[in-house]
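Enquirer: Structure of the sequence below:
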Amino acid sequence: MPLVNFSNLDFNQIKTSLKDYLRANSNFTDYDFEGSNLSSIIDLLAYNTYINSYNANMVTNEVFIDSATLRENVISLAKNIGYTPRPRRSAKALVSFAIDVSDTTTVAVTLKKGIVATTSATFGGSNFTFSIPEDITVGVDENGLAIFDSITIYEGVYIQQEFSVNSRTPNQKYILTNSGIDTNLIRVNVKDSNNSTIVRKYSQSKGLFDVKSDSPVYYLQEVENERYEILFGDGIFGLPVQEPNVVQVGYIVSNGENGNNLSRLSYAGQLVNNNGASLTTNITSMVVDQQSYGGAQIESVDSIKKYAPQIYASQNRAVTTVDYEAMIPKIYPEAESVSAFGGEDLTPPKYGRVLVAVKPINGVYLSSTIKTDIQRQLKKYSVAGIVPEIVDLKYLFVETNSYVYYNENKAPSSTTVIGVCRNNINAYAESSELNQFGARFKYSKYQNVLDNSHTSVTSNITTVNMRRDLQVVLNAFAEYEICFGNRFYINNHGHGTHGGEIGFNIKSTGFKVSGISDTLYLGDSPNQDLKTGTVFMFKLNSDTEYVIVKQNVGTVDYVKGEIILSPINIISTVVNRGESLIEISATPYSNDVIGKQDLYLQLDISNVFINAVTDEIASGDDVSGSNYIVSSSYSNGKLVRGKEILATSPTVRTTTAELLTQQQTVTQSIQSVTVTTGMDGSTTSTTNTYSY
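Expert: Sure thing, here's the model as predicted:
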């Protein structure tokens, strides 16, 4: 009988197949394979087959980018489709210092390339060095000071490497010996010969467009062990190097993201005057204008496998939203997550525009300079008539309140249970499930994380809220649009027996408006269709009694998850985290919360509450369940967020029933209205007379 085709790499199956083949031969019909020396030969054959099959399988996997595992192979496959992996990025900081040369004839001072500063204290058990790749020269002012004002320095060690071009070495390669290089900081110069003083500067080229036969350009590609090889032109595309040229390469080897957030730096550079004399005295202390930021690790294998096919599919042009999402990391490597959507999806629509929101790896928002630069570079890839627009991302926070039931016979204490649960929730909050555009908070998975946190946990009751932080414009009339991107659950519609006693559907923190001394809050009253409602402002007589101060200050669309506030002059807010904020929360219609369009989903750990409840049924203390502690599956009935601030002069309480029939209109002339929309963050000024 012939040998069977092996469908897997199981050693025992291979061995069994070999024995079955031998038994089919009449010479081995009654042979005892297990007790003979032939068993060792069969084992050897099985091992050989197993190893060959394994190698064949690995080789086959490594020739496809989807299944390849070795970085060198993934990079090679990505190179075939024109994708260049993102390199490690050095963290950069802005520093200032000066040197007094008033007692000399110096007219200019040069800060030499190389080390400029070091950390004056140990950060995370490591010391860091900051360097510059090129000399910086400044003039001396009338006071005799050479001021280096807000210069950019880069975390890492500056290294210089030389190659002598040798025509007798076939296929000579120029490989940089160090890994962890920031390729943006590579500087390549070519000397005619070792003794020549003529130096030609070469610049990096990422394509063949506009490259002529005499263009001094070089190309870069990643090779093994995260190192880089420099390639020069062939005389057709780019100026070649030839013997006896000497190639000089300077670069910075960095620690990537480990160099971020460093602020205590000490000067350690080298200064020379216009005559080349060294300057070592009268140097002021270094001032850090901006702590280090922007450091990032080299692109991972998973990221290369994700973006390389997308870049290839886009063919270096941006037509669909997926093209924009693939191009942004190529233009701006510090992008952690990107969301692009068409203007036609907005309300009202903006035809002919593509809106792009970018979450940087380090930081919360992009600076205006970076947004302008990204937008400018995107225009090179976008089709005619389509205008790309970079918008600020908006955070959608998920808050949870969990009652975790546990068997006290299996846990040392409730504190232990809470601690383990919180550690697991922290890990879930930092996972790729969240912290990105298009992410989804999965309610069942969240509950499963709690249930599997400890062997004593028997179940949990978890309620979910979602929150947006409204950044207000103080002392100016402004209209606000707050989009949650998720449908609201109407817990209190005011039309039933509750009479509005169980809290409002939207809740806010306190704020003050012009002309009213009390702290106010936002509340809502649904219309009869239970799809839309009106927003009003109220103050508190007590934590359960409220008084409506102004009605119809806005509208709420429960289906779209959208709140629009009419022009209002806010003069202060209770919450201030570097900027004046009003926290607004609502209960989602579905416990699976989605971050749509420019909404960046995050689980707010500071508002994750875990309460341990003894499960007396599981522990055997109350088998009948007579004393079982019941936890509500619905949000609490508080009227506001945070600590209640009561009115200084309590007045007659207003009920929801009265609210539905009461009409109150205040007319005020507004000369300048600042309108801030919720989807694209744009701000305009109009002139209008508005009643509210």
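Enquirer: Spatially central residue for this structure, please.
Expert: For the chain, the residue lying nearest the average C-alpha position, counting by CA atoms, centre = their mean, turns out to be residue 336 (3.7 Å).
Enquirer: In contact with the closest residue to residue 119 other than its chain neighbours, which residues?
Expert: Counting by CB to CB, 6 or more residues apart in numbering, residue 128 is the residue found nearest to residue 119 once chain neighbours are left out, at 4.6 Å. Just so you know, the C-beta spots here come from the backbone N, C-alpha and C atoms, and that holds for glycine as well. Shown in contact with residue 128 (CB atoms under 8 Å, 6 or more residues apart in numbering): 118, 119, 155, 255, 258, 259, 262.
Enquirer: The stretch 251-400 of the chain: helices as residue ranges?
Expert: 301-314, 321-331, 368-378 (DSSP state H, counting those that start in this stretch).
Enquirer: what distance separates the second one from the centre of its chain?
Expert: Averaged C-alpha coordinates place helix 321-331 at 15 Å from its chain's average position (CA atoms, centre = their mean, to the nearest Å).
Enquirer: Report the buried residues of that helix.
Expert: Within helix 321-331, the residues that qualify as buried by neighbour count (16 or more other CB atoms under 10 Å) are 321, 323, 324, 325, 326, 327, 328, 329, 330, 331.
Enquirer: Straight-line length of stretch 614-627, end to end?
Expert: Using CA to CA, to the nearest Å, one end of stretch 614-627 lies 11 Å from the other.
Enquirer: what bits of this protein have low per-residue confidence?
Expert: Applying pLDDT under 70 to the chain flags residues 1-9, 26-36, 121-125, 314-315, 346-347, 362-364, 493-503, 624, 636-637, 649-692.
Enquirer: pull the longest helix from it.
Expert: Longest helix in the chain, counting residues (DSSP state H): helix 38-62.
Enquirer: Just among the contacts of residue 128, which is most surrounded?
Expert: residue 155 (30 neighbours; other CB atoms under 10 Å).
Enquirer: what residues are up against the closest residue in space to that one that isn't next to it in sequence?
Expert: Distances taken as CB to CB, 6+ apart put residue 259 closest to residue 155, at 3.3 Å, once the chain neighbours are dropped. If a contact means CB under 8 Å, 6+ apart, then residue 259 has 90, 91, 128, 155, 156, 292, 295 as its contacts.
Enquirer: Narrow the residues you listed to those in strands?
Expert: Those of the contacts of residue 259 mapping onto strands are 155, 292, per DSSP state E.
Enquirer: could the contacts of residue 259 go into JSON lines alongside distance to residue 580?
Expert: As requested, those are exported to JSON lines (distance: CB to CB, whole Å):
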{"residue": "90", "distance to residue 580": "35"}
{"residue": "91", "distance to residue 580": "31"}
{"residue": "128", "distance to residue 580": "36"}
{"residue": "155", "distance to residue 580": "34"}
{"residue": "156", "distance to residue 580": "39"}
{"residue": "292", "distance to residue 580": "29"}
{"residue": "295", "distance to residue 580": "31"}
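Enquirer: what about burial for the contacts of residue 259, which qualify?
Expert: 90, 91, 128, 155, 156, 292, 295.
Enquirer: so how far is residue 188 from the fifth one?
Expert: Yep, that's residue 156 we're talking about. Note on residue 156: its distance to residue 188, by CB to CB, to the nearest Å, is 18 Å.
Enquirer: circling back: out of the contacts of residue 128, which two sit at the greatest distance?
Expert: Pairwise distances across these (CB to CB) peak at 14.9 Å, for the pair 118 and 258.
Enquirer: how much space between residue 132 and residue 407?
Expert: From residue 132 to residue 407 the distance is 62 Å (CB to CB).
Enquirer: tally of neighbours for the closest residue to residue 569 other than its chain neighbours?
Expert: Distance criterion CB to CB, 6+ apart; nearest residue to residue 569, sequence neighbours excluded, is residue 514 at 4.2 Å. A count of nearby residues for residue 514, using other CB under 10 Å, gives 12.
Enquirer: Check the contact between residue 514 and residue 571; I expect there is one.
Expert: Yes: contact criterion CB atoms under 8 Å: residue 514 and residue 571 qualify, at 5.5 Å.
Enquirer: what is in contact with these two at once?
Expert: Common neighbours of residue 514 and residue 571 (criterion: CB under 8 Å, 6+ apart): residue 475.
Enquirer: How is residue 617 assigned, secondary-structure-wise?
Expert: The three-state label given to residue 617 by DSSP: H, G, I helix; E, B strand; the rest coil is helix.
Enquirer: burial count for the closest residue to it other than its chain neighbours?
Expert: Leaving aside its sequence neighbours, residue 617 sits nearest to residue 625 (CB to CB, 6+ apart; 5.3 Å). Residue 625 has 8 neighbours, counted by other CB under 10 Å.
Enquirer: Which helix or which strand is home to residue 417?
Expert: Using DSSP states H and E, residue 417 sits within helix 414-429.
Enquirer: could you give the angle of the helix or strand where residue 603 lies to helix 414-429?
Expert: Assigned by DSSP H and E, residue 603 belongs to strand 599-614. Angle, strand 599-614 to helix 414-429, by axes from the mean of the first three to the mean of the last three CA atoms, to 10 degrees: 160 degrees.
Enquirer: Adjust the sequence numbering to begin at 48 for everything that follows.
Expert: Yes, from this point I'll number from 48; that puts the last item at strand 646-661.
Enquirer: could you say what helices and strands strand 646-661 packs with?
Expert: Other elements packing on strand 646-661 under the criterion 3 or more CB pairs under 8 Å, 6 or more residues apart in numbering; DSSP states H and E are strand 441-453, helix 461-476, strand 487-488.
Enquirer: just the angle between it and strand 441-453, please?
Expert: 20 degrees.
Enquirer: Grab the nearest non-local neighbour of residue 363.
Expert: Nearest to residue 363 is residue 428, by CB to CB, 6+ apart, at 6.2 Å.
Enquirer: quick one: contacts for that neighbour?
Expert: Contacts of residue 428 by CB under 8 Å, 6+ apart are 361, 363, 364, 365, 370, 374.
Enquirer: please redo it, this time with the cut-off set to 10 Å
Expert: 361, 362, 363, 364, 365, 366, 370, 371, 374, 377, 378, 435 (CB atoms under 10 Å, 6 or more residues apart in numbering).
Enquirer: so how far is residue 100 from it?
Expert: 45 Å.
Enquirer: still on that earlier bit, list the buried residues for the helix holding residue 464?
Expert: 461, 464, 465, 467, 468, 469, 472, 475, 476.
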